[in-house]
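Q: Need the 3D shape of this:
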Amino acid sequence: MTMVAVPQRTLSALILGLCVASQTAAFMNPAVLRPGLRGPSQRAVHSFARVSTQVPVVSLKCSAEVPSWEEIGTLLPNAEPAPAPVLTLYRDTNAWCPFCERVWLALLAKGIPFDEKLVSLYNKPDWYIEMVPTGLVPAIKIHANDEVMWESNDILKRIEGKDFFADYPTLYPPSEKEKAEKMMDEVQANMISAVRTVYGAVNTTEELAAIAKEFEKDLDKMDAILGESKSPFFLDSGFSVVDCSYVPIFERLAVQLPSKVPIELRGNERWPHLNAWFDALENEVPAYQGRVQGDAYSWLATISMLPGQSGMSLTRENRTEAAQAEARELLRAQLATPPSAIDLAHRQQAVRALLANYQAVVKDAVSEAKTQTYLQRLESEHADEVDRALRRAAVALLDETTAEAKLQGATEVEGKAAQLVAARLCVPRDMGPLQAAALRSGLGSVAAAAAGSQLVQTAK
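A: Reported below is the predicted structural model:
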């Protein structure tokens with residue numbers, strides 16, 4: 001593995017096409033997804049350290065009418081007061097920029113309360129360019145002194161400062177500071193190797209095979225580094241900024257590599273320590289699985305939008321169609337999952353997001369398709385039925401005692417609407433993977449109840 005320090009700006013130029021090409025329209029405001037917030041009137045402040053675990057169940061009176069959004073709101077637990085934000089995070093609209101993701105994950109893991117503003121990579125506003133001359137994301141603005149900082153590595157070091165962040169746990173342990181800094185210098189070069197393998201253009205299958213073989217050697221070295229640690233993470237002390245920096249690229253590789261080259265990261269005996277790292281992320285870092293982690297459906301369903309994805313492959317005759325077929329099966333499985341099989345807290349979080357964003361979701365379902373054009377949108381006159389389908393899904397997630405009654409009478413259009421929304425839901429753009437699985441489960445209940453509806457196709 002070539003250990004060369006590469007500035008973020010250099011790597012940004014290499015993967016700019018990846019981030020820009022992925023700018024699908026978000027129909028949910030991810031700022032409302034902190035458990036404990038209710039509705040759009042609450043300030044969007046994120047902090048995993050201050051989440052209520054009380055999730056009482058309240059039932060609606062059973063009636064023939066589908067409950068209103070106000071009535072659905074009564075099923076959610078009361079919100080805790082949001083902590084005052086320490087800073088504002090500026091990140092990309094789609095939550096796919098790897099540099100934004102590493103800072104986003106670090107803030108949540110440290111429990112630093114923050115406001116969030118999303119910046120379109122297609123059309124960055126003038127005020128952002130004025131504030132951040134490079135125009136890069138992410139950036140942060142510290143509220144106490146209006147200090148603005150960009151470049152993800154610099155931000156990760158800044159939020160370890162003793163002035164405003166002394167009360168939060170460190171991800172840059174003093175006992176391993178030198179080791180951490182050395183590893184951070186190596187991250188960028190390793191990301192370039194990964195980007196070249198997954199997204200780079202090649203002319204022949206021989207060239208692609210050679211690149212894949214070299215990348216396997218890089219993975220061998222990465223696995224060996226993890227094997228030397230006393231924890232399942234890169235540092236002996238546990239989860240750190242090093243892990244935050246590797247997460248964005250490796251979670252993509254785990255899903256997208258097999259569709260281009262014969263390299264399976266998960267479950268591969270060749271890289272046991274890398275697999276242990278994945279497992280530890282998902283089981284020991286709530287900030288990751290709770291919000292930042294992407295899901296396999298989203299990475300596969302949008303694969304055709306990313307540079308290099310529809311090109312040469314050593315494993316698929318038609319890479320895009322194969323990825324879409326895999327996505328279709330994953331979507332079917334989530335739609336078929338009964339809400340009762342999903343943790344109530346995750347269901348409540350999904351409904352909270354839906355409650356705050358249902359108008360945007362309805363609009364997306366009945367508007368002309370700008371992305372995922374293979375998904376057939378509904379006509380504008382069906383907006384009310386889309387809204388009703390969403391309310392039925394919310395009740396199915398929250399109120400098992402009346403769900404069956406509230407699902408009765410679901411129309412074919414409602415079923416199609418439920419499946420369209422499930423297919424459009426993108427993780428982590430709209431919500432975390434656990435919440436998305438819950439919402440798709442509720443939408444699947446509506447689809448199953450709708451007479452004559454069929455599962456929406458995620459590809460032509």
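
Q: With only the CA atoms kept, save stretch 249-256 in CSV.
A: The C-alpha coordinates for stretch 249-256 follow below in CSV (Å, rounded to 0.1, in the frame of the first residue of the first chain):
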residue,chain,number,x,y,z
ILE,A,249,-15.1,4.4,1.3
PHE,A,250,-15.2,0.9,2.8
GLU,A,251,-19.0,0.9,3.3
ARG,A,252,-19.3,1.7,-0.5
LEU,A,253,-16.7,-0.9,-1.4
ALA,A,254,-18.5,-3.6,0.5
VAL,A,255,-21.6,-3.2,-1.7
GLN,A,256,-20.2,-2.0,-5.0
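
Q: which residues touch it?
A: 98, 190-191, 194-195, 198, 265-266, 274, 278, 293-294, 296, 299-300, 303, 309, 323 (C-beta atoms under 8 Å, 6 or more residues apart in numbering). For every residue, glycine as well, the C-beta is placed using N, CA and C.

Q: For the protein, give me the ranges with low pLDDT.
A: 1-64, 304-312, 316-319, 451-460 (pLDDT under 70).

Q: how about the strands in it?
A: Assigned by DSSP state E, the chain shows strands spanning 87-92, 114-119, 139-142, 147-150.

Q: Looking at those, which is nearest to A356?
A: strand 114-119 (13.8 Å; C-beta to C-beta).

Q: in that closest one, what's buried?
A: 114-116, 118-119 (16 or more other C-beta atoms under 10 Å).

Q: Out of those residues, give me the two with the largest separation.
A: F114 and V119 (14.8 Å).

Q: tally of neighbours for the spatially closest residue to A109 that is not a sequence neighbour?
A: Excluding the flanking residues, the one nearest A109 by C-beta to C-beta, 6 or more residues apart in numbering is A287, at 4.3 Å. By other C-beta atoms under 10 Å, 24 other residues sit near A287.

Q: Hmm, R102 and A287 touching each other?
A: No - contact status for A287 versus R102: not in contact, 11.9 Å apart, counting by C-beta atoms under 8 Å.

Q: just checking, Y297 touches V427?
A: Yes - the pair Y297 / V427 is scored as a contact, 7.4 Å apart, by C-beta under 8 Å.

Q: and the two? which has more neighbours close in?
A: Taking other C-beta under 10 Å, Y297 and V427 do not tie; Y297 has more neighbours (27 against 22).

Q: number of nearby residues for the residue nearest to the more buried one when sequence neighbours are not counted?
A: Using C-beta to C-beta, 6+ apart and skipping the chain neighbours, the partner closest in space to Y297 is L330 (4.4 Å). By other C-beta under 10 Å, the residues close to L330 number 18.

Q: can you check E206 too?
A: 9.

Q: same thing with P133?
A: P133, neighbours per other C-beta under 10 Å, totals 8.

Q: who's in contact with it?
A: Per C-beta under 8 Å, 6+ apart, neighbours of P133: none.

Q: same thing but 10 Å
A: Counting by C-beta atoms under 10 Å, 6 or more residues apart in numbering, P133 touches W150.

Q: go on, the one 5 residues further on?
A: Counting by C-beta under 10 Å, 6+ apart, P138 touches 89-92, 97, 99-104, 107, 119, 132, 149-152, 155.

Q: In contact with the nearest residue to it once chain neighbours are set aside, which residues?
A: In space, and not counting its chain neighbours, P138 is closest to C100: 4.3 Å by C-beta to C-beta, 6+ apart. Residues in contact with C100 (C-beta under 10 Å, 6+ apart) are 19, 89-94, 118-119, 136-139, 152, 155, 248, 292.

Q: Could you measure from C100 over to P85?
A: Using C-beta to C-beta, to the nearest Å, we find C100 at a distance of 17 Å from P85.

Q: Then P77?
A: 22 Å.

Q: Next: Y122.
A: Remark: distance between Y122 and P85 (C-beta to C-beta) = 27 Å.
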